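# got a sequence here, can you model it:
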Amino acid sequence: MTYLGRVDGTYENGEKLYANEPYAVELPTGDILCHFRVEQTFTVYQTVSADKGKTWSKPVRVLPDFGGAPVHLLQHSSGVLIAAYGYRQAPYEIRIMFSKDNGKTWDKDHTLYVNGISGDLGYPATVELKDGSLLTVFYAKAEENGPCVIMQQKWTLEE
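Okay, here's the model as predicted:
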């Protein structure tokens, strides 16, 4: 494993934030866009590398406090960036956000799945199927006193 660089400067109000669970995609420009979870506020931050991971931009917050995490990134064949994440406040959801400008702006808080049972859900991962539709898998409780199970949602991008 080759160590390239690290993300520095994840502070808010003078407090160093605990960052974990990163996910990155290489953009058509060659830049690497990375989202990661910040533990204290259960939210997502974004950083970008223009030099293959040697250096990274100062992280910026993408979602509000307790806006959801962790996130999975996918660039659809249409060019749209898709970020799926768990939202662990009632009504407990798997949400999606979209970017049509390589992560400069995000259209947020689209609901993919509503659980309504428990905040114990998340860790979504999305793949694009051959026909351009999408399949997102994640875990959630199917019944209040039951165990968590793996679920899936098949969906398409709206034009």
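
# make it CA atoms for all contacts and neighbour counts henceforth
Noted.

# residue closest to the middle of this protein?
Taking CA atoms, centre = their mean, the centroid of the chain lies closest to residue 71, which sits 2.1 Å from it.

# spit out the contact partners of residue 108.
Counting by CA atoms under 8 Å, 6 or more residues apart in numbering, residue 108 touches 96, 97, 98.

# of those, select the buried ones using a PyMOL command.
Per 16 or more other CA atoms under 10 Å, the buried members of the contacts of residue 108 correspond to this PyMOL selection:
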select buried, resi 96+97+98
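
# quick check: the gap between residue 22 and residue 47.
For residue 22, the distance to residue 47 equals 10 Å [CA to CA, to the nearest Å].

# report pLDDT for the closest residue to residue 46 other than its chain neighbours.
Nearest non-adjacent residue to residue 46, counting by CA to CA, 6 or more residues apart in numbering: residue 35, 4.5 Å away. With respect to pLDDT, residue 35 scores 96.

# now do residue 52
At residue 52, pLDDT is 92.

# residues contacting it?
Neighbouring residues of residue 52 by CA under 8 Å, 6+ apart: 30, 31, 32.

# appreciated, that's everything.
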